[in-house]
Structures are given as C-alpha cells and as structure tokens.
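J.: Sequence first, predicted model second:
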Amino acid sequence: MSDEDVKYGLAGILADDTAISKVMPEINSLTYRGYKVQDLASECRFEETAYLIWNGELPTQGQLDAFNAHEKRERGLSGDLQNVMSLFNKNAHPMDTLRTAISFLGQEDDTANDSSPEALYDKAIRMYAKIPEIVAGTFRLRNGKEPIAPTEDLAFSENFFHMCFGEVPAPEVIKCFDISMTLYAEHSFNASTFTARTIASSMSDIYSAVTGAVGSLKGPLHGGANEAVMHMLEEVGSPDNARAWMLDALATKKKIMGFGHRVYRSGDSRVPTMTDAFNKMVDVIGSEEAKSYWEMSRILDETMVAEKGIYPNLDFPAGPAYYLMGFEIPMFTPIFVVSRITGWTAHVMEQLGNNKLIRPLSNYTGSAQRNVTPIGER
Ligand code: COA
C-alpha cells in the first residue's frame, strides 16, 4: 500500500448504498427519495419532507395528520433536562450544549438500545420533536430569559418561532425558515451523516449516533459555515466594501466561508431556492439593514464566481436569512440540526437495515518496527 492508494478525506470513495437522497453534481441536482429538493421546498411543508425522508413516500393527508400528532405528543422536555439546561454555561456554544442535551435524552430513554425498526422510528420522532425546544430554550437561557413551552396549536416551524420569541412572524418569514428546513434536511454521505452511520455501524444506539453527528456538524468546514458566513458579512460591513473585501481576501488566500463544496463543483442545487426565499424575506422586512445584507451577499457571490469560479453553498444565503429572522449567530448551526435530525436518523435506520461495521484501512507512515529497551537503558 502506498500514498497513491490513500483517498484523503475519502474523496471520491463509494462507501455504501443509500436510497434516501441522490446528489447529482453534473446537473447540480439533489433529490430526496426521487423528488427534487426545490419542488419539495415550494410544494410541501417541512413536515411532509420529514415524513418522506423517513418513510420513503410523501404522506396522504391522513398519514400527515397522524405523523404531526405523533410529533406533537413527543413535544416537551423532562424536568430533569430542563434543570440540566438551566445549569449550562451561558458562554458555551449552543452546539456544545445541544450535544450534551441530546446525550441526556439518550440516558433518559430506558429503551435507548432497542434498535428494532419501530423503536428507531419512535426515537427519531422523539428527537425531531424535542430538539427544537432544546435549541429555542438555549437561545432564551443564553439571553437571560425563561424558556417558552411548546404549544400543540402550532405547526413545526411556527412552534419553533413561538418557543424562541413568544410570537409567530409574517408568513413570508415562516416560509423562508420552512424552506431552509427542507433544504438542510438531508445530503447523502456528508461528514456528520457519515459520522452517525459509523457510530451506528458498531451497533451503538441512535442517540450516540446523533450526539456524534452534532459534534461533526459543528465544524466551520461543515455546518458551522452558516455562522462563519454571517461573521464574514459583519466584517465586510457594507455593499460598497464587498468587492474590495473579496479581492483582498482572495489575494491573501483566505478561505471564503459559504463558498465551495466537496461534491458540487459548479453550483449547489439548493442555493437558488434559498436565495429566492431570502430575497422575498428581505422585501417583507424592508429595512436598510436587510437590503444591505442582500446587496453585500450579491456582490460577494458575483465577485467570487467571476474571480475564482467557486460557487456559493447553501450556508451562504441561509446565514444572513437566519440573522434577519432575529436569531443570534451561534444559533444558526443548532437550527441546521433541527432539520438534519431527519436525514441523520434515516441514515442510522438504513445503516442498521444492512449493517456492516465501518472500518477503513490506514497507510502507516510512522517508525519502522523496533525493539523496546528497558527504561533505564533509554
Ligand atoms: N474559498 C477560497 N478558496 C476555496 C474555497 C473557498 N471557500 N473552497 C475551495 N477553494 C479552493 C481551494 O483553496 C483549492 O484551491 P487550490 O487548488 O488552489 O489549493 C480548491 O478550491 C479546491 O478546494 P478544496 O479545499 O481542495 O476542496 P474540498 O473539496 O476539500 O473542500 C470545502 C470543500 C467545502 C471544505 C471548501 O470548499 C471550504 O472550506 N469551503 C468553505 C467552508 C464552507 O462553506 N463549508 C460548507 C460546505 S457545505
């Protein structure tokens, strides 16, 4: 075995089969269970997409009603978890506290190790129902406010805003958020999903798989990029500065957050839909700040594509969209988890449906074999 045999970053390696989503970089397309994501985003609520990802088919109205009722029954956190959350370090990143809270959910579940398909499905819905409350509660606690309990009267996205802000915003804002949920839900063997599958492959439990996936998603080369994009826009400051900022960043070989993708090389299929939703929301908000972030984004995108031929990924429009919805920057990646819990858990189920322990080989580059000398002779 030599260096040439090593596929660094597993780039280009087919690691397993999947029937959940298909990334088609040659035509900039992404489908969930055969449906184009942009069609799902425009035609369906996120709940329908979540049902599709887990069940393989879009729901009938009756199936959707039963699914939503199941999710609503699972809303609400135990008193113990609420107590633990109140003890979290207010300065900790919410991805770190979310990781701990999901791990806590696992140890609360006496049947955590039951990996039958029915049990996995129930646990997936449990996390899908409870993670929004954990994220919203963290948001409030970090800002010295009491968490707000979920309400059964509201649908998934509306309930999330209610738990964060105590009110539901304009329909265009909800639509933009709901679209982002659909677009973030699933993306084949990305780093966090592969982490979840790797953990599941040792026959560990689904909560452990999701806890590990949260750790993976946190990184700025993966989910953390939506936060990094917003920090970048704050640094750029104004549309007038955007082109010069980008040229300078490229000249000094900076990595520009929200651009590039391991699989898509000529554009991320999710970007036009998210950009359009962001644009509509900017119109509804109508503030100078909103227009300025829109214009800055447009110029940065145009300059990067013209100068380097590197296209924006979903995090590029999602970051400022979440900011304009009123979320503080460290909440962006946890919001990604509110959606991606669907994809991760579907992959855990798929992995366990035809499991083989994930255990690649390594190309050893250390010392040649040698003898141990007793400590006094070293
Ligand atoms: N800014 C500047 N240059 C970039 C870039 C970016 N965001 N993304 C890729 N490039 C350049 C690299 O510098 C490299 O140039 P070189 O060949 O001159 O060295 C070339 O494009 C290939 O990039 P590489 O890092 O090898 O691609 P990858 O497949 O390993 O990386 C990412 C993919 C996503 C990790 C990378 O594009 C990145 O770091 N993007 C920013 C973070 C981000 O937005 N992540 C979210 C992904 S959805």
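T.: In hand now; what should we look at?
J.: CA atoms for contacts and neighbours, from now on please.
T.: Fine.
J.: quick one: which helix or strand includes Met85?
T.: Assignment of secondary structure by DSSP states H and E places Met85 within helix 79-87.
J.: which parts of the stretch 251-378 of the chain sit against the ligand?
T.: Residues of the stretch 251-378 of the chain lying close to the ligand (CA under 6 Å from any ligand atom) are Lys254, Lys255, Ile256, Met257, Gly258, Phe259, Gly260, His261, Arg262, Asn313.
J.: Looking at those residues, which is nearest His93?
T.: Comparing these against His93 with CA to CA places Met257 closest, at 18.9 Å.
J.: From the residues of the stretch 251-378 of the chain next to the ligand, list just the buried residues.
T.: Neighbour counting by 16 or more other CA atoms under 10 Å classes Ile256, Met257, Gly258, Phe259, Gly260, His261, Asn313 among these as buried.
J.: you'd agree the last one is up against Gly258?
T.: Yes. If you go by CA atoms under 8 Å, Asn313 and Gly258 touch, sitting 5.5 Å apart.
J.: one step back: mind checking which of the buried ones among the residues of the stretch 251-378 of the chain next to the ligand are in strands?
T.: The strands in this structure, assigned by DSSP state E, contain none of these.
J.: Of these, which one scores lowest on pLDDT?
T.: Checking pLDDT across these, the minimum falls on His261 at 91.
J.: In contact with it, which residues?
T.: Each residue near His261 by CA atoms under 8 Å, 6 or more residues apart in numbering is listed here: Asp268, Asn313.
J.: what's the spacing between it and Thr195?
T.: Distance, His261 to Thr195, using CA to CA, to the nearest Å: 18 Å.
J.: In the stretch 51-200 of the chain, what residue lies closest to the ligand?
T.: Scanning the stretch 51-200 of the chain for the residue nearest the ligand gives Asn190, at 8.8 Å (criterion: CA to the nearest ligand atom).
J.: need the longest helix for the chain.
T.: Identified as the longest helix of the chain according to DSSP state H is helix 117-142.
J.: packing partners for it?
T.: Secondary-structure packing of helix 117-142 (3 or more CA pairs under 8 Å, 6 or more residues apart in numbering; DSSP states H and E): helix 61-74, helix 94-108, helix 156-165, helix 332-353.
J.: What mean pLDDT does the last one get?
T.: So that's helix 332-353. 98.
J.: What sits closest to Tyr323 if chain neighbours are left out?
T.: Computed as CA to CA, 6 or more residues apart in numbering, the closest residue to Tyr323 that is not its neighbour in sequence is Ile329, at 6.7 Å.
J.: Can you give me the pLDDT of that neighbour?
T.: 96.
J.: Distance of the spatially most central residue of the chain relative to the ligand?
T.: In the chain, the residue lying closest to the centroid (CA atoms, centre = their mean) is Phe336, at 3.3 Å. To the ligand, Phe336 is 12 Å away according to CA to the nearest ligand atom, to the nearest Å.
J.: Contact partners for the nearest residue to that residue once chain neighbours are set aside?
T.: With sequence-adjacent residues excluded and distances taken as CA to CA, 6+ apart, Phe336 is closest to Tyr184, at 6.4 Å. Counting by CA under 8 Å, 6+ apart, Tyr184 makes contact with Phe336, Ser339, Arg340.
J.: Please enumerate residues in contact with the helix or strand where Pro317 lies?
T.: Using DSSP H and E, Pro317 sits within helix 315-324. Residues outside helix 315-324 that contact it (CA under 8 Å, 6+ apart) are 176-177, 180, 223, 225-227, 229-230, 257-259, 271, 274-275, 278, 281-282, 290, 293, 297, 329, 332.
J.: Which residues does Leu30 form beta bridges with?
T.: In this entry, Leu30 is beta-bridged to Val23, by DSSP bridges.
J.: quick one: low-confidence ranges for the stretch 1-150 of the chain?
T.: 1 (pLDDT under 70).
J.: What is the neighbour count of Ser202?
T.: Neighbours of Ser202 under the rule other CA atoms under 10 Å: 15.
J.: Over to the residue nearest to it when sequence neighbours are not counted. Which of the three states is it?
T.: Nearest residue to Ser202, sequence neighbours excluded (CA to CA, 6+ apart): Leu357, at 5.7 Å. Using DSSP: H, G, I helix; E, B strand; the rest coil, the structure places Leu357 in coil.
J.: can you pull the contacts of Leu357?
T.: By CA under 8 Å, 6+ apart, Leu357 lies in contact with Thr198, Ser201, Ser202.
J.: one more time with 10 Å, if that's ok
T.: Applying CA atoms under 10 Å, 6 or more residues apart in numbering, one finds that Leu357 lies in contact with Arg197, Thr198, Ile199, Ala200, Ser201, Ser202, Met203, Gln351.
J.: Show the contacting residues for the last one.
T.: Neighbour list for Gln351: Asp16, Asp17, Thr18, Ala196, Arg197, Thr198, Ile199, Ala200, Ser201, Met203, Thr345, Leu357 [criterion: CA under 10 Å, 6+ apart].
J.: Which of the three states applies to His187?
T.: Three-state call for His187 (three-state DSSP): coil.
J.: and which of the residues of the stretch 251-378 of the chain next to the ligand is nearest Val372?
T.: Arg262 (43.2 Å).
J.: Got the phi and psi for Ser21?
T.: Phi and psi for Ser21, reported as degrees, to the nearest 10, are phi -140, psi 160.
J.: no wait, Pro220
T.: Here is the backbone geometry of Pro220 (degrees, to the nearest 10): phi -70, psi -20.
J.: start at 155 instead
T.: All set: I'll call the first residue 155, so the last point we hit is now Pro374.
J.: Find the nearest non-adjacent residue to it, please.
T.: In space, Pro374 is closest to Ala382, 6.8 Å off (CA to CA, 6+ apart).
J.: related to what we said a few turns ago, let me see the confidence value for the residue nearest to Ser356.
T.: 98.
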